[in-house]
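Asker: What would the 3D arrangement of this be:
(chains A, B and C)
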Amino acid sequence: MTDAFASDRPSGLASSSDYLHAGHTLWSWLTTTDHKRIAILYGITITVFFLIGGAAITVVRYELLSPNGNLISDDTYNKLFTLHGVIMVWFFLIPSIPNTLGNFLVPLMIGAPDVAFPRLNLLSWYVNLAGGMFTLAALITGGVDTGWTFYTPFSTMFSNGDVLLAATGVFVAGFATIATGLNFIATIHMLRIEGMTWFRLPLFVWSIYAVSLVMVLATPVLATTLFLIFAERLFGLPIFDPAHGGDPLLFQHMFWFYSHPAVYIMVLPAMGVVTELITCFARRQVFGYTFMVYAMVAIAGVGFFVWGHHMFVSGQSPYASLIFSFLSFVIAVPSAIKVFNWTSTLYRGQISFEAPMLYALGFVGLFTVGGLTGLFLASIPVDVQVHDTYFVVAHFHYIMVGGSVSAFFGGLHFWWPKITGKLYSEAWARFAAVLMFFGFNFTFFPQFILGYLGMPRRYHVYPQEFQVYHEMSTMGASILAAAYLLPPFYLGWSLYAGKRAGNNPWGASGLEWQTSSPPPPKNFFVRPTVSERPYDYHASGRAPEADDRTPRRRQDKVA
Amino acid sequence: MTQADYVIREPWEHISDQRRASTFGMWVFLASEVLFFGGLFMCFTYLRVLHPAAFAEASSHTNIWYGTINTGLLLTSSFTMVMAARLADLELRRLMALCLVATVALGLAFLVVKGFEYREDFDRHLVPGRDFAIPVAAAQLFFSLYWAITGLHAIHLTIGIVAVSRLAFLVERRELALPSPEFEITALYWHIVDIVWIFLYPLLYLGGRS
Amino acid sequence: MNGFPVFPGQASTQAAATDRIFGGLLLLSGLIILIVFGLILVFAFRYRNGSKTKRGGLPKWIERDFEIGWTLATLFLALFIAWWTLSASLGSLASNAGAMEIHVVAKQWMWKAEHPNGAREINALHVPLGEPVRLMMTSQDVIHSFFVPQFRIKQDVLPGRYTQTWFQATRVGAFHLFCTQLCGTEHARMVGDVFVMTPDDYARWSAAQPQGDDIAAQGATLFHSLGCSGCHEGSTVHAPQLAGLYGKPVQLSDGRRLVADDGFIRDMILMPHANVPAGYEPIMPSFSGLVGDDEILALTAYIRSLKDAKETRR
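Answerer: Take a look at the predicted model:
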């Protein structure tokens, strides 16, 4: 009988006992089943995809400086924003937090030595990579011009782009998403350490659990949809073709049945990250823990029933639109609860403003703006005006970039000392966080105004009067790009010259901070047990002390 | 080493936990599969409601004999598969290997029958396209979905046959201990492939013959 | 149009209604943002680490009561907004029976419009001020979307079916028309202008157009040249007579009932076997591939005019 915990106690040299030093060859990385190493593999691939997607949109933004569309051709423009959308949605945002931070942290946070199916975990990385390669191949062999939404009949019968190859990439990557979700669900059900009851789970783990449900249940419908695109485009089997009585709207229903929940795949883990950050730097227990849990599960659940709000002007039944509109207003309630709880967690805290906290506060602000503009889109008359305009573009960037990407950077900075064992330059990190916040608003706020004025999305030739906003937006995007390029430098530098982090540099309370930094291959030298709720930063009914930056009790409360 | 240690994998400490987790994981995967085929069935239902007459007409062009024989083959294979999983629990190696072989044989028989049916469909011009046999436009929708869904089902079944063959091979070589969770999860997968067919049979073959 | 617009001009009755809701939501969002951002800033300052602010503990009950309180408050607010905007949407569902009807056919990458008197135009649409206009739209290839920002209207235009939208212009001038559904290479160039003219100007413009036949008259010609009249006009073949058909419910042989609207007539021409009327054999041949979208529109207009003729006879 193997004892997963006892097998690798430190044997003298500290450096040889962490997961980073468990093997030095490339082969040891490519065949690893350690969830922490797989998290880093995912980290590398999503960074590469982020840079590719970012490069595409940089060209797009510069093209939009002039209203004449004279920098690149019509087709090139269509292919570039399609590339940006496909790469960013499926190869950056969907795997970003779950597959890097989630992969690294979920087993640590619940006291497990690894995920439930470590080999499946590694397989998912290869599958995701293979999907990415298919999609990149489609771009090299000529590009795709359908937009990331692949609407029929354009994608099946009219597009000259390499739709099949790109869709194959997305189809294949879907298996990686399902495998990831399945792995997390089984891990959280089966591998919680003794005493770690459901309502003692850190909220990040809850968010990953909620998102895994969505991954497992929504992604297969995307697979169905893409499969039918293959059938129609490759084999000429009519399904959506109106000439044979098919219905293009059927495609849209199926596509959005996946793609609206997919938005929650992107934002739910971000909510989890931000909750961990705010509670730690405010030194207060999360306000309304149980309500936060219910809110996340409610968002994941109701998220499956609002897809029709993407189709108010599509020609679907107006009565269907009424119901979808109503449900879309309802789903605003759990999101609002979360914002109120984050704000209340600050109340009577001992707040400090390290870089992760700046990202977290930025997230709350940007998510609030993104969520409130969602109300505009849920109301049918306003949506009729702003549907498929820059208003929508601004709205979902506030949620996905202002929200998810901010949270991703916040989480990366927060857990960087745990992942690498090194401390980065705090001053540079704070500077990048502030720059990102302002660059982001500068880029996307003008687009709300543009959208209500009527500037359609996916246009690179546009009326003169919109130019001033596009100029602002491009200037903001330049600042944003600079802000995104900073972390690779100072984080990379910390790997060489950073100070050693110690086990718990932030004085945080979760189980992941009880083990060494970086953690050993099996995560814990001593098996933890849990007897407390998370986030015990102060006695209940009392306030946290000013100079006390350690949790009152660690969650594991080792005797 | 006991036989249980032989199949245990990280991060598990007890074979019972590992089996529980594997079974649980498989059920989660099956939930995903249900949504996958569910999307196709939803598509079929929607288009059928849109074009009831054309779908009834098209459905009457399918060959009910092939469909019925295949239903019988697949249901029987589910029986032999569940027997194999149960016999693995009881550690009756020989009998279990026999059941696995029977399952593979029945699965292959299904594919052979399906192959004959496909050839007949080709000959009778039931592939949507220029020289499609039925002069009703929406009948092509029916046959598009017929080819798409039965093709997908055949791919699933092929994966199942490979998985069961692998089990039979490993059992024969005594490289797989009988308490391994693989028997039960392979059986679960086999059953979902079977259940999908149970939905397909009435949708494709019986719909136009009521 | 100045160089720094912040708000789109209003040029239709719908514009004012939409802007009211937009303004209401803007006010509400502004208020919520003020509260949330204000609280975050105040808390961040007052409760910064080491500040002298007194921090009492929070009593146990406060968490649950607050949560229930603001859950109910936001739920109530959400339901209120839903009621408010949905009742506005329901109001605009009301049909405009007497509206002037213009047919729009979209194709990669242009807009073609046909007026009731047969006048045609491309990438332009002339309409009279103050008169309700209903657009009956279809596409010849992919999905397009008809968007006039100053009217606050947008409607996807689909191949193989009709979608419609309506507006009543309130200001004379030229307004942008955009396609807002990605439709291929020249999507960004699939634009046009909507010209709102005084009724007098419109009448003058309309009269000056090189007039083809009245659209229903074109349909009548087609009705004979395509051979429809061979069965559908008092022949020995057992085929339904079409006078008075338009707008009436039709009993089908499989038990369904459909209303004989534009979409129904289109389906009957292209896919006659999909909906077989009760009491008839499915003997009509499909005209799929033989007639274009423009011709179907004309045939439909002719069949609709037959209805009018019958009703005036009564």
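
Asker: And residue B:157, which helix or strand is it part of?
Answerer: When elements are assigned from DSSP states H and E, residue B:157 belongs to helix B:139-172.

Asker: what's downstream of that helix, the next helix or strand?
Answerer: Heading C-terminal from helix B:139-172 (DSSP H and E), you reach helix B:182-201.

Asker: The stretch 201-350 of chain A against chain B: which residues are in contact?
Answerer: Within the stretch 201-350 of chain A, the residues that sit near chain B (CB under 8 Å from any CB of the partner chain) are A:216-221, A:223-225, A:227-228, A:231-232, A:235-239, A:243-247, A:250, A:254, A:257. Placement of C-beta: from N, CA and C, glycine included.

Asker: Now the helix holding residue B:157: average pLDDT?
Answerer: Across helix B:139-172, the average pLDDT comes to 93.

Asker: List the buried residues for that helix?
Answerer: Neighbour-count burial for helix B:139-172 flags B:139-154, B:156-157, B:160-161, B:163-165, B:167-168, B:171 (criterion: 16 or more other CB atoms under 10 Å in any protein chain shown).

Asker: and that helix, anywhere near chain A?
Answerer: Yes. Counting by CB under 8 Å from any CB, contacts between helix B:139-172 and chain A involve B:140, B:141, B:143, B:144, B:145, B:147, B:148, B:152.

Asker: so where is chain B shaky, pLDDT-wise?
Answerer: B:1-6, B:210 (pLDDT under 70).

Asker: need the residues of it near chain C, please.
Answerer: For chain B, the residues in contact with chain C (CB under 8 Å from any CB) are B:51, B:52, B:53, B:54, B:57, B:135, B:136, B:137, B:138.

Asker: dump the residue contacts of the first one.
Answerer: It stands for residue B:51. For residue B:51, the contacting residues are A:245, B:138, B:141, C:274, by CB atoms under 8 Å, 6 or more residues apart in numbering or on different chains.

Asker: Turn those residues into a markdown table, columns for distance to residue C:33.
Answerer: Formatted as a markdown table, the contacts of residue B:51 follow (distance: CB to CB, whole Å):
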| residue | distance to residue C:33 |
| --- | --- |
| A:245 | 49 |
| B:138 | 51 |
| B:141 | 49 |
| C:274 | 52 |
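
Asker: To which secondary structure element is the closest residue to residue C:229 other than its chain neighbours assigned?
Answerer: Nearest residue to residue C:229 in three dimensions, chain neighbours excluded: residue C:223, at 5.5 Å (CB to CB, 6 or more residues apart in numbering or on different chains). Per DSSP H and E, residue C:223 falls inside helix C:215-225.

Asker: For ChimeraX, write the selection for the buried entries among the residues of chain B next to chain C.
Answerer: To isolate the buried members of these in ChimeraX, using 16+ other CB under 10 Å:
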select /B:51,52,53,54,57,136,137,138
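
Asker: Taking the residues of chain B next to chain C, tell me the two that lie furthest apart.
Answerer: Spatial extent of the residues of chain B next to chain C (CB to CB) is set by the pair B:52 and B:135 at 17.1 Å.

Asker: and residue C:28, what does it touch?
Answerer: Per CB under 8 Å, 6+ apart, neighbours of residue C:28: A:375, C:77, C:81.

Asker: Read off the pLDDT value for residue 269.
Answerer: As the question left the chain open, I've gone with chain A. Looking at residue A:269, its pLDDT stands at 96.

Asker: should've been chain C
Answerer: Looking at residue C:269, its pLDDT stands at 85.

Asker: so the closest residue in space to it that isn't next to it in sequence is in which element?
Answerer: Closest residue to residue C:269 apart from its sequence neighbours, by CB to CB, 6+ apart: residue C:287 at 4.9 Å. Remark: residue C:287 resides in no helix or strand, with elements defined by DSSP H and E.

Asker: For residue C:287, give me phi and psi.
Answerer: When read as degrees, to the nearest 10, the backbone of residue C:287 gives phi -100, psi 20.

Asker: and it, how far is that from residue C:250?
Answerer: Relative to residue C:250, residue C:287 is positioned 19 Å away (CB to CB, to the nearest Å).

Asker: Also residue C:21?
Answerer: Counting by CB to CB, the gap from residue C:21 to residue C:250 is 39 Å.

Asker: now swap in residue B:29 and tell me
Answerer: Here residue B:29 is placed at a distance of 48 Å from residue C:250 (CB to CB).

Asker: These two: who's more crowded?
Answerer: Counted by other CB atoms under 10 Å in any protein chain shown, residue B:29 and residue C:250 do not tie: residue B:29 has more neighbours, with 22 against 16.

Asker: Next one: the host helix or strand of the more buried one, is it in contact with chain A?
Answerer: Residue B:29 is part of helix B:15-50, with elements assigned from DSSP H and E. Yes. Remark: helix B:15-50 sits within contact range of chain A at B:17, B:20-21, B:24-25, B:28-29, B:31-33, B:35-40, B:42-43, B:46-47, B:50, by CB under 8 Å from any CB.

Asker: Using the three-state scheme, assign residue C:102.
Answerer: Three-state call for residue C:102 (DSSP: H, G, I helix; E, B strand; the rest coil): strand.

Asker: list the contacts for it?
Answerer: C:113, C:114, C:115, C:116, C:125, C:127, C:133, C:134, C:135, C:136.

Asker: If you average the pLDDT over stretch A:63-74, what comes out?
Answerer: Stretch A:63-74 comes out at a mean pLDDT of 90.

Asker: ok, now stretch C:187-204?
Answerer: 93.

Asker: do the same with stretch C:250-258
Answerer: Here the average pLDDT along stretch C:250-258 is 80.

Asker: From the chain's centroid, how far away is it?
Answerer: 27 Å (CA atoms, centre = their mean, to the nearest Å).

Asker: go on, stretch C:138-158?
Answerer: For stretch C:138-158 - counting by CA atoms, centre = their mean - the centre lies 7 Å from the chain centre.

Asker: Report whether that stretch contacts chain B.
Answerer: No. Judged by CB under 8 Å from any CB, stretch C:138-158 makes no contact with chain B; its nearest approach is 14.4 Å.

Asker: Tell me how far the helix or strand containing residue C:17 lies from the chain's centre.
Answerer: Taking DSSP H and E as the criterion, residue C:17 maps to helix C:13-46. Taking CA atoms, centre = their mean, the mean C-alpha location of helix C:13-46 is offset from the chain mean by 30 Å.
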